[in-house]
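Enquirer: Make a model of this:
(one chain, ligands or ions: 1)
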Amino acid sequence: MILNKAISSHKNLKPKSFVKGQAQILFGDVFDALNEIEDESVDLIFADPPYNIGKQFGTFKDTWGSDEEYANWCYEWIDICIKKLKKNGSIYVMTSTQAMPYLDLWMRKRLNVLSRIVWHYDSSGVQAKKYFGSLYEPILYCVKDSKNYTFNGADIEVEAKTGAKRKLIDYRKAVPAQYKTTKIPGNTWYIPRVRYKMAEYENHPTQKPEALLERIIKASSNKGDVVMDPFSGSFTTCAVALKLDRKAIGIEAQEDYVKIGLRRLGISDTYGAEKLKPVTKNHQHKNNKSQSLFGEEW
Ligand SMILES: C[S@@+](CC[C@H](N)C(=O)[O-])C[C@H]1O[C@@H](n2cnc3c(N)ncnc32)[C@H](O)[C@@H]1O
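Expert: Numbers count the residues shown, from 1 in each chain. Take a look at the predicted model:
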């Protein structure tokens, strides 16, 4: 297997660990950092790796030689992540639409795939002229044991339009009654992307919205559980996990993003002699609180 040179996995370097309260950041390559985590100790993993689409993450360019090379790299960390999951644990994995079939085939042989989620958003920036532009990213949701896993459906209910807006009556019931006004979301999630003016914005090219992680963490973990993100980026997963009273472990290989994490997770407001400051947003709306409301479904 040829590994991406820039990433040079398995550096066999001990990652630097930063810990405070319920949060831990492991600064290093994903394979070295995963080595530091005890097997069967994690309740929930959210993995949002580089997608092999040429993005620049600090000094790392997200490009592998072929789809297969990229898939092989993913297979390796997925297998280790599975070992780190508790027996009743859950894992959500994202990647590009074109790479997801590889990961789906791999994961369904090892885990139980419960949902194939479509995270949908709109964008004025992605406007293909001669084909249908991509406005979604797939998320694979799997559990180790389909008979024993956490799913807090009541904590993530959304408005059910049939009941709440259209006020339709369900005549199949012995005593006809209006449909419920809330329901567990289906597998298509409309959640806006993080934009520059939003309060939660960080300086990272593929920052995921807090609302996306809020739904996943509330559904698939309980207070006090361990949530781990092997590609933390701007540390959205860990930040939301802490807000929801979970323990958070975040892995990241780029120093600039680790600095975001140190500040965002309240671990430190300095890095060596450097003062860690949030991004300044000149035109931020006064009431632009973090995106805590779930978007609508399709
Ligand atoms: C798609 S981004 C994650 C974004 C994140 N979910 C967020 O909300 O900000 C992938 C991240 O993986 C990091 N990364 C790439 N290769 C890595 C490796 N070998 N080990 C650890 N982190 C890596 C990149 O620096 C990048 O920040």
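
Enquirer: SS state for the residue nearest to Leu276 when sequence neighbours are not counted?
Expert: Distances taken as CB to CB, 6 or more residues apart in numbering place Arg263 nearest to Leu276, at 4.1 Å, with adjacent residues excluded. Using the backbone N, CA and C atoms, a C-beta is placed for each residue, glycine as well. Secondary structure, DSSP: H, G, I helix; E, B strand; the rest coil: Arg263 is helix.

Enquirer: What score does Arg263 have for pLDDT?
Expert: What the model reports for Arg263 is a pLDDT of 98.

Enquirer: what sits against it?
Expert: Counting by CB atoms under 8 Å, 6 or more residues apart in numbering, Arg263 touches Asp269, Leu276, Lys277, Pro278.

Enquirer: which parts of this structure sit against the ligand?
Expert: With the criterion set to CB under 6 Å from any ligand atom, the chain comes near the ligand through 7, 9, 29-30, 48-50, 57-58, 60, 204, 206-208, 231, 233-234, 236, 251-254, 257.

Enquirer: now with 8 Å?
Expert: Taking CB under 8 Å from any ligand atom, the part of the chain that reaches the ligand is made up of 7, 9, 28-31, 33, 46, 48-51, 55, 57-58, 60, 62, 94, 202, 204-208, 213, 229-237, 251-254, 257.

Enquirer: For ChimeraX, write a command that selects the buried ones of those.
Expert: In ChimeraX, a selection of the buried entries from the residues of the chain next to the ligand looks like this (16 or more other CB atoms under 10 Å):
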select :7,28,29,30,31,33,46,48,49,50,51,57,62,94,202,204,206,207,208,213,229,230,231,232,233,234,235,236,237,251,252,253,254,257
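
Enquirer: rewinding a little: can I get the contacts of Arg263 in TSV including distance to Leu140 and secondary structure?
Expert: TSV is the format used below for these (distance: CB to CB, whole Å; DSSP: H, G, I helix; E, B strand; the rest coil):
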residue	distance to Leu140	secondary structure
Asp269	36	coil
Leu276	34	coil
Lys277	36	coil
Pro278	32	coil
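
Enquirer: Out of these, which comes closest to Ile169?
Expert: Pro278 (50.2 Å; CB to CB).

Enquirer: what about the closest one, how many residues close to it?
Expert: Neighbour count for Pro278, taken as other CB atoms under 10 Å: 13.

Enquirer: Spatially, which residue comes closest to the residue in the stretch 101-250 of the chain that the ligand sits nearest to, not counting chain neighbours?
Expert: As assessed by CB to the nearest ligand atom, the ligand sits closest to Gly233 within the stretch 101-250 of the chain, at 2.6 Å. Distances taken as CB to CB, 6+ apart place His204 nearest to Gly233, at 5.0 Å, with adjacent residues excluded.

Enquirer: Much appreciated, bye for now.
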